[in-house]
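# One predicted model, sequence on top.
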Amino acid sequence: MTSHKIAPSILAADYANFAAELKRIEETDAEYVHIDIMDGQFVPNISFGADVVASMRKHSKLVFDCHLMVVDPERYVEAYAQAGADIMTIHLESTRHIHGALQKIKAAGMKAGVVINPGTPVGALEPILSLVDQVLIMTVNPGFGGQAFIPECLDKVQKVVEMRQRAGLDFDIEVDGGVDDKTIAACAKAGANVFVAGSYLFKADDLVSQVQTLRLALDA
Ligand code: DX5
Ligand code: ZN
């Protein structure tokens, strides 16, 4: 559970070259590829959908960590299961039926994740924690890559660690937004173990050594 996992966000990659970009990610030792799905409604930006994920699947065996920033994500559970998503993480704020939606994700054979925005308190997670394989604490407001890390969100990571311990549960805690070689250590110290990084990783030509800088920062 607490092993560190790096999740390069393909949102920061070249969209005209997904096959090549997936290959670049596979050459690193990153555990996941983080795939940001945005519908232009839950967040202002639009990215890609299940058909694009299905095409990516043909080029990669990596764990597909799909982060849906979509209104009523329960509508798309089957589509993402069929596309080959391994983890489907949905926003607490995006549905009136978070409990049922998470049940649906599990029933479809995927790992289920729940994610909260910086403005959402952790308390609302309590009734659904037993359903999830992963809790994602946003460390920026979702919608765009390249934003500044919000350090106040780390208190919420700590609170989720406590909630997990109290409940005797076992799930991963992921952070997403503004993660780089300077912020990653504080995330790990707070108790996160899955680290999404987009612009920090893809700004460099050499993805392998860039992932390595994150590992070094974690070990320091
Ligand atoms: C933002 C997305 C992130 C994004 C992170 O809404 O959920 O996954 O790719 O990008 P960086 O690492 O650039 O903040
Ligand atoms: Zn994301």
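Alright, I've got the coordinates. Ligands and ions are numbered 1, 2, ... in the order given.
# Which strands or helices does the host helix or strand of E162 pack on?
Per DSSP states H and E, E162 falls inside helix 154-167. Secondary-structure packing of helix 154-167 (3 or more C-beta pairs under 8 Å, 6 or more residues apart in numbering; DSSP states H and E): strand 134-138, strand 172-176, helix 184-190. All C-beta atoms are positioned from the backbone trio N, CA, C, and that covers glycine.
# So what's the gap between that helix and the chain middle?
Taking C-alpha atoms, centre = their mean, to the nearest Å, one finds helix 154-167 lying 18 Å from the centre of the chain it belongs to.
# and it, average pLDDT?
In this model, helix 154-167 carries a mean pLDDT of 98.
# what's the closest of the helices and strands packed on helix 154-167 to D29?
helix 184-190 (15.4 Å; C-beta to C-beta).
# where along the chain do the helices fall?
Along the chain, counting by DSSP state H, helices occupy 18-27, 50-57, 77-83, 98-107, 154-167, 184-190, 199-202, 207-219.
# Mind listing residues that contact the fifth one?
When contacts are taken as C-beta atoms under 8 Å, 6 or more residues apart in numbering, the neighbours of helix 154-167 outside the stretch itself are 116, 121-122, 125-126, 129-130, 135, 137, 139, 170-171, 173, 175, 186-187, 190-192.
# got the contact list for the nearest residue to V157 once chain neighbours are set aside?
Leaving aside its sequence neighbours, V157 sits nearest to A190 (C-beta to C-beta, 6 or more residues apart in numbering; 3.9 Å). Neighbouring residues of A190 by C-beta under 8 Å, 6+ apart: 154-155, 157-158, 161.
# do the same with I87
Here I87 is in contact with 32, 63-66, 110-113, 133-134 (C-beta under 8 Å, 6+ apart).
# Kindly report the residues of this structure close to ligand 2.
36, 67, 176 (C-beta under 5 Å from the ion).
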